[in-house]
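*Asks:* fold the following, please.
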Amino acid sequence: MTSLTSVAMTISPASFDNAELLERVRANLARVRERIEASGRDATSVRVVAVTKTFGVEHVSAALALGITDIGENYVDELCEKRAAAGDAAVSWHFLGTLQSNKIARAVRCADVLSTVARVKELERIAALAPGKVIDVQVDYGQDRGRNGAAPGDVGEIVRRARALGLIVRGLMVVAPPGDAATRRAFLATIALANEWGLVERSMGMSDDLEQACELGTTEVRLGRALFGPRSSEGRLT
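*Replies:* Predicted coordinates:
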């Protein structure tokens, strides 16, 4: 397994000196902000979560140097190693992967926000490990029930149970199904569910569909390729 710290030992945004990477990410972030503005939103009204899965800690440093303070990770080992490398840096860490039972304790320990909660049994485990933990409920609008996410009809019960257990339900998260019409329906349904249950955060929109998400009312977009370029699976931690 390739260690992320073999690329950069610490995350040091204040002294980040990879000029080529910094300028590339700066240009990409400017384009992201232009896309948000083109959707009719003020770019400052939409939080950018930089998704750095499979990227090295130098990409986290670049994001932080440019003022991004929310970092998303899909793999528990990457999340924990990058968090350790960040030290006291002001970062909010979002876990975006499936909550596997054998790694849930580490995910709870290393993430500030667990954005992919979808089952009552996960709530019970999280509450036992970290009372008052901040979570999002992930909603799935696809037909493949093997995908992560709660069915829309189950969201209310999950929110109620989470609150009863003392967890903080920040909002809803969705990975929209493909196709413009299906994406739009999923985003509109997510907004309606969030309104119904009094949830402030609506985490909708990724690199390919951020315009629709912004137009329809997302509060944050989760961006990997749009910020950092194509991913490599080399050295991926699981």
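
*Asks:* what is the mean pLDDT for stretch 57-74?
*Replies:* For stretch 57-74, the mean per-residue pLDDT is 94.

*Asks:* just the CA trace of that stretch, in CSV.
*Replies:* Provided in CSV are the C-alpha atoms of stretch 57-74 (Å, rounded to 0.1, in the frame of the first residue of the first chain):
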residue,chain,number,x,y,z
VAL,A,57,-1.6,15.6,0.6
GLU,A,58,-0.1,18.3,-1.6
HIS,A,59,-3.5,18.7,-3.2
VAL,A,60,-5.0,19.3,0.2
SER,A,61,-2.3,21.9,0.8
ALA,A,62,-3.1,23.6,-2.5
ALA,A,63,-6.8,23.7,-1.7
LEU,A,64,-6.2,25.1,1.8
ALA,A,65,-3.8,27.7,0.4
LEU,A,66,-6.5,29.0,-1.9
GLY,A,67,-9.0,29.4,1.0
ILE,A,68,-10.9,26.1,0.7
THR,A,69,-11.5,24.7,4.2
ASP,A,70,-13.7,21.7,3.6
ILE,A,71,-12.1,18.5,2.4
GLY,A,72,-14.0,15.4,1.4
GLU,A,73,-12.6,11.8,1.4
ASN,A,74,-14.2,8.5,0.3
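
*Asks:* mind listing what's buried in that stretch?
*Replies:* 57-66, 68, 70-74 (16 or more other CB atoms under 10 Å). C-beta coordinates here come from the backbone N, C-alpha and C atoms, glycine included.

*Asks:* how close does the residue most central in space within the chain get to Arg231?
*Replies:* With distances taken as CA atoms, centre = their mean, the residue of the chain nearest its centroid is Gly72 (4.3 Å). To Arg231, Gly72 is 13 Å away according to CB to CB, to the nearest Å.

*Asks:* go on, Gln100?
*Replies:* Counting by CB to CB, the gap from Gln100 to Arg231 is 21 Å.

*Asks:* contacts only, for Tyr141.
*Replies:* Applying CB atoms under 8 Å, 6 or more residues apart in numbering to Tyr141 gives the contacts Gly149, Pro152, Val174, Ala176, Pro177, Ala182, Arg185, Ala186, Ala189.

*Asks:* now the host helix or strand of Leu193: how far from the chain's centre is it?
*Replies:* Remark: Leu193 resides in helix 180-196, with elements defined by DSSP states H and E. With CA atoms, centre = their mean, to the nearest Å as the basis, helix 180-196 stands 18 Å off its chain's centre.

*Asks:* packing partners for that helix?
*Replies:* The contact analysis (3 or more CB pairs under 8 Å, 6 or more residues apart in numbering; DSSP states H and E) places helix 180-196 against strand 134-139, strand 168-174, strand 201-203, helix 210-216.

*Asks:* take these and write them to a markdown table, including mean pLDDT, distance to Val48 and mean neighbour count.
*Replies:* Shown next, in a markdown table, are the helices and strands packed on helix 180-196 (pLDDT from 0 to 100; distance: least, CB to CB, whole Å; neighbours: other CB atoms under 10 Å):
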| stretch | mean pLDDT | distance to Val48 | mean neighbour count |
| --- | --- | --- | --- |
| strand 134-139 | 98 | 16 | 25 |
| strand 168-174 | 97 | 15 | 22 |
| strand 201-203 | 97 | 11 | 23 |
| helix 210-216 | 96 | 9 | 21 |
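
*Asks:* and these as a markdown table, adding distance to Ala107?
*Replies:* Formatted as a markdown table, the helices and strands packed on helix 180-196 follow (distance: least, CB to CB, whole Å):
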| stretch | distance to Ala107 |
| --- | --- |
| strand 134-139 | 11 |
| strand 168-174 | 15 |
| strand 201-203 | 17 |
| helix 210-216 | 25 |
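
*Asks:* and Gln100 and Arg231? Which one has more around it.
*Replies:* Arg231 (14 against 11; other CB atoms under 10 Å).
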